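Enquirer: Need coordinates for the following:
(one chain, ligands or ions: 1)
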Amino acid sequence: MKPDHQFGARRVYYNNFAAHLLNAYNPNMLYPDLPYRWSDADWRGLIEMIAAFGFNVFEFWLVPRLFCRNALESELGREFTRQLNVVIEHAHKRDVKVEMLCSLATVGPDWRTFCPNVKAEWEELRFLWSAWAQRFPELDIAGIFPGDPGGCSRNGCTAETYIDKSVEIAGLIKEKLPRAEIEFHTWGPPFFAWGIIQGPPGWQGEFAQADQHTAWVGNRQRTERSMIHLLKRLPDFPEPTSVAINLGFNADGDPKEGEDGRPWAREIAKSHRILTWNFSLTEGENAIVPHFRFERLFAQRRKEREAAPYSGGICFTMTPLLNQLSLYEAAHSFTNPDADWRELAGDFFEAIFGPAGRDAVDFLPLFEVVPDWGNYAELDLSREEYHARMTRFVSLLEDLKGSEGNRGMVDASLSPDGSHSAFGASAAPTLPLHPSPEAYRQEVLFFAGLVADLTAPAPDIDRLRQRYWDRVYAIYDQLPEHVDPRPHAATDRLIQFFQEKMRNTTTRQ
Ligand SMILES: [Zn+2]
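Expert: Reported below is the predicted structural model:
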């Protein structure tokens with residue numbers, strides 16, 4: 001096997017900064033006048049950090065808001081282009097490749113999916129793919145995915161349409177960017193939405209939240225037909241092309257009966273590099289907390305290693321300024337799936353805060369409690385015990401003030417051009433953290449304080465909800481309602497979880 005096809009060889013940092021996932025810990029790439037914009041130095045600091053963690057691909061989503069003629073011609077589109085080219089240039093200095101991910105056919109701020117079987121719409125899609133490819137002349141990988149949002153079932157479109165049209169777009173990209181690789185994504189049940197998504201009467205491809213669940217209703221016959229078609233068409237993709245395929249054709253990548261992706265993955269791997277794309281492992285897309293779902297992450301990696309000759313995959317984040325630990329663990333889950341994830345978390349905290357930082361590891365699971373996509377941990381603690389532990393964690397984090405940064409962790413944002421290197425010649429290994437270790441301590445302390453207050457006797461729930469909202473999602477106070485208004489729902493779920501917990505405890509008393 002080629003070295004770059006070995007398990008975990010390709011470790012992809014995937015930052016989803018789409019408009020429905022904006023928050024204080026994610027770059028705002030879409031609203032120049034609103035908060036959470038990142039400077040070029042911020043981006044270089046981020047690249048320093050993820051390269052030191054072990055990632056070798058930086059992946060961004062060219063969101064539908066940008067994938068339209070209007071954005072191409074706007075100041076927003078020009079600035080996005082300029083800054084991503086800065087990212088690409090710096091990533092290459094750290095041997096990190098850059099991948100642009102884009103839905104085959106979903107266009108514009110209202111997430112409308114164009115139909116490849118409508119001539120004018122297909123011509124527009126070809127134009128957009130061509131124009132954006134030319135915006136990033138040094139791009140390493142172009143990823144084509146079926147949707148979410150997106151996918152067409154109008155005018156006879158099926159999963160096979162998506163495959164055939166992706167072959168055509170891949171050829172177009174190769175014309176514009178001869179050195180670029182293609183990554184072809186099977187996302188969904190598989191091939192999210194194509195041929196199965198239902199729309200309202202008179203549907204012209206507009207996004208309809210109420211119908212999104214139909215994009216996941218696949219069946220065995222459709223899976224077999226479309227995967228056989230993919231195997232037939234794979235040789236028509238330009239070399240080299242990788243295929244993203246999970247162990248199972250469902251949101252958790254679970255290879256259960258009727259949704260098993262493994263036989264197809266093995267078949268594809270005979271001729272093409274295969275990768276996974278399991279979003280649920282690192283963060284999911286809802287609850288924003290300091291994540292700690294590493295037992296499942298490492299167990300899944302070991303299953304991937306056994307299942308098929310995977311060469312790596314995506315590690316998803318929508319909170320890179322909060323979940324640095326999760327990213328650190330995710331990169332290691334590919335390089336060493338047998339590692340002890342508790343030890344790794346201890347190493348991470350010791351690098352930031354010195355040996356006393358290791359004590360933080362006992363408290364971190366207390367954040368990963370909200371039942372959510374990818375989090376199935378159940379914590380059986382009384383409210384009183386919960387509150388007592390979180391209060392101790394607050395004290396620990398306060399005591400750690402001033403000790404950060406004097407171990408192996410350095411502030412990546414201080415040296416944006418990257419004069420330091422990870423595990424360099426000095427006695428103490430350095431591991432760049434972005435932003436600063438002190439900023440990280442303050443964020444974890446915010447969450448510890450919030451949860452300590454949520455589990456206190458008689459908390460003021462409305463005030464605490466507002467405190468969370470203002471810290472995490474304040475940007476939405478300045479935005480019109482999004483087509484996918486999930487921040488409100490995510491906040492409600494988090495607050496309701498603790499309310500419920502307290503109610504249950506009260507009942508027992
Ligand atoms: Zn169509």
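
Enquirer: what number of residues lie near F294?
Expert: 25 (other C-beta atoms under 10 Å). Quick note: C-beta positions are derived from backbone N, CA and C, even for glycine.

Enquirer: Mind pulling up the pLDDT for the residue lying closest to it once chain neighbours are set aside?
Expert: Using C-beta to C-beta, 6 or more residues apart in numbering and skipping residues adjacent in sequence, the residue nearest F294 is W341, 3.8 Å away. pLDDT recorded at W341 is 98.

Enquirer: sec struct for the single nearest residue of the stretch 301-450 of the chain relative to the ion, please.
Expert: Of all residues in the stretch 301-450 of the chain, I314 sits closest to the ion, at 26.8 Å by C-beta to the ion. Secondary structure assignment for I314 (DSSP: H, G, I helix; E, B strand; the rest coil): strand.

Enquirer: so where do the helices sit in the stretch 1-150 of the chain?
Expert: Here the stretch 1-150 of the chain has its helices, by DSSP state H, counting those that start in this stretch, at 40-53, 69-72, 75-93, 119-135.

Enquirer: same question but for the stretch 351-500 of the chain, I mixed them up
Expert: Ranges of helices in the stretch 351-500 of the chain, per DSSP H, counting those that start in this stretch, are 383-399, 437-454, 461-472, 486-508.

Enquirer: neighbours around the residue nearest to Q478 when sequence neighbours are not counted, how many?
Expert: Leaving aside its sequence neighbours, Q478 sits nearest to L34 (C-beta to C-beta, 6+ apart; 5.6 Å). Per other C-beta under 10 Å, the neighbour tally for L34 reads 15.

Enquirer: How about the contacts made by L34?
Expert: If you count contacts by C-beta atoms under 8 Å, 6 or more residues apart in numbering, L34 has them with N28, I475, Q478, L479.

Enquirer: so can I have CSV of these showing pLDDT, neighbour count and distance to the ion?
Expert: Listed next are the contacts of L34 as CSV, based on pLDDT from 0 to 100; neighbours: other C-beta atoms under 10 Å; distance: C-beta to the ion, whole Å:
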residue, pLDDT, neighbour count, distance to the ion
N28, 97, 18, 32
I475, 93, 18, 34
Q478, 90, 10, 36
L479, 87, 15, 30
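
Enquirer: out of the residues you listed, who's nearest Q496?
Expert: Nearest to Q496 among these is I475, at 22.4 Å by C-beta to C-beta.

Enquirer: Isn't that closest one up against L22?
Expert: Yes. Contact criterion C-beta atoms under 8 Å: I475 and L22 qualify, at 5.5 Å.

Enquirer: what sits in contact with each of those two?
Expert: With C-beta under 8 Å, 6+ apart, I475 and L22 have common neighbours N28, Y36.

Enquirer: Apart from its neighbours in sequence, what residue is nearest S166?
Expert: Once flanking residues are discounted, S166 sits nearest to I144: 4.8 Å by C-beta to C-beta, 6+ apart.

Enquirer: sorry, back to before: relative to F237, how far out is the residue nearest to Q478?
Expert: Counting by C-beta to C-beta, to the nearest Å, the separation of L34 from F237 is 39 Å.

Enquirer: Return the most buried member of the helices of the stretch 1-150 of the chain.
Expert: The highest average neighbour count among the helices of the stretch 1-150 of the chain, using mean count of other C-beta atoms under 10 Å, belongs to helix 40-53 at a mean of 24.

Enquirer: Direction-wise, compare it with helix 75-93 and give the angle.
Expert: Orientation note: helix 40-53 sits at an angle of 40 degrees relative to helix 75-93 (axes from the mean of the first three to the mean of the last three C-alpha atoms, to 10 degrees).

Enquirer: Does anything pack onto helix 40-53? Which helices or strands?
Expert: Of the remaining helices and strands, those touching helix 40-53 by 3 or more C-beta pairs under 8 Å, 6 or more residues apart in numbering; DSSP states H and E are helix 75-93, helix 324-335, strand 431-433.

Enquirer: quick one, that helix and helix 324-335 angle?
Expert: Going by the same axes, to 10 degrees, helix 40-53 makes 40 degrees with helix 324-335.

Enquirer: Now do helix 40-53, average pLDDT.
Expert: Mean pLDDT, computed over helix 40-53, is 98.

Enquirer: How many residues are close by the nearest residue to P432 once chain neighbours are set aside?
Expert: The shortest distance from P432 to any non-neighbouring residue, by C-beta to C-beta, 6+ apart, is to A412 (3.5 Å). Look at A412: counted by other C-beta under 10 Å, it has 28 neighbours.

Enquirer: Ignoring the adjacent residues along the chain, who's closest to Q6?
Expert: Leaving out its chain neighbours, the residue that sits closest to Q6 by C-beta to C-beta, 6+ apart is S311, at 6.7 Å.

Enquirer: Is it correct that that neighbour falls within a strand?
Expert: Yes. Under three-state DSSP, S311 falls within a strand.

Enquirer: Let me see the confidence value for it.
Expert: The model reports S311 with a pLDDT of 98.

Enquirer: W203 now?
Expert: At W203, pLDDT is 95.

Enquirer: do the same with the one 10 residues further on
Expert: At H213 the predicted local confidence, pLDDT, stands at 93.

Enquirer: and what of D148?
Expert: Looking at D148, its pLDDT is 89.

Enquirer: between the helices and strands packed on helix 40-53, which gets nearest to I288?
Expert: Proximity to I288, assessed across these by C-beta to C-beta, is greatest for helix 324-335 (11.7 Å).

Enquirer: elements contacting that closest one?
Expert: Secondary-structure packing of helix 324-335 (3+ C-beta pairs under 8 Å, 6+ apart): strand 10-15, helix 40-53, helix 294-307, strand 310-317, helix 341-353.

Enquirer: in it, what counts as buried?
Expert: Neighbour-count burial for helix 324-335, counted by 16 or more other C-beta atoms under 10 Å, picks out Q324, L325, S326, L327, Y328, E329, A330, A331, H332, S333, F334.

Enquirer: how about JSON lines for the residues you listed, with distance to the ion and pLDDT added?
Expert: What follows is these, written out as JSON lines (distance: C-beta to the ion, whole Å; pLDDT from 0 to 100):
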{"residue": "Q324", "distance to the ion": "41", "pLDDT": "98"}
{"residue": "L325", "distance to the ion": "43", "pLDDT": "98"}
{"residue": "S326", "distance to the ion": "37", "pLDDT": "98"}
{"residue": "L327", "distance to the ion": "37", "pLDDT": "98"}
{"residue": "Y328", "distance to the ion": "42", "pLDDT": "98"}
{"residue": "E329", "distance to the ion": "40", "pLDDT": "98"}
{"residue": "A330", "distance to the ion": "36", "pLDDT": "98"}
{"residue": "A331", "distance to the ion": "38", "pLDDT": "98"}
{"residue": "H332", "distance to the ion": "42", "pLDDT": "98"}
{"residue": "S333", "distance to the ion": "38", "pLDDT": "98"}
{"residue": "F334", "distance to the ion": "36", "pLDDT": "98"}
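
Enquirer: For those, name the two members farthest from one another.
Expert: With distances taken as C-beta to C-beta, the most widely separated pair in the buried residues of helix 324-335 is Q324 and F334, at 16.7 Å.

Enquirer: Distance to the ion added to the helices of the stretch 1-150 of the chain, as JSON lines?
Expert: What follows is those, written out as JSON lines (distance: least, C-beta to the ion, whole Å):
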{"stretch": "helix 40-53", "distance to the ion": "37"}
{"stretch": "helix 69-72", "distance to the ion": "20"}
{"stretch": "helix 75-93", "distance to the ion": "26"}
{"stretch": "helix 119-135", "distance to the ion": "8"}
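
Enquirer: got TSV for the ones you listed, with distance to M390 too?
Expert: What follows is the helices of the stretch 1-150 of the chain, written out as TSV (distance: least, C-beta to C-beta, whole Å):
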stretch	distance to M390
helix 40-53	27
helix 69-72	44
helix 75-93	37
helix 119-135	46
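
Enquirer: A133 reaches I141, doesn't it?
Expert: No. Applying C-beta under 8 Å, one finds A133 not in contact with I141, separated by 11.5 Å.

Enquirer: Which residues are in contact with each of those two?
Expert: Among the neighbours of A133, those also in contact with I141 (C-beta under 8 Å, 6+ apart) are A180.
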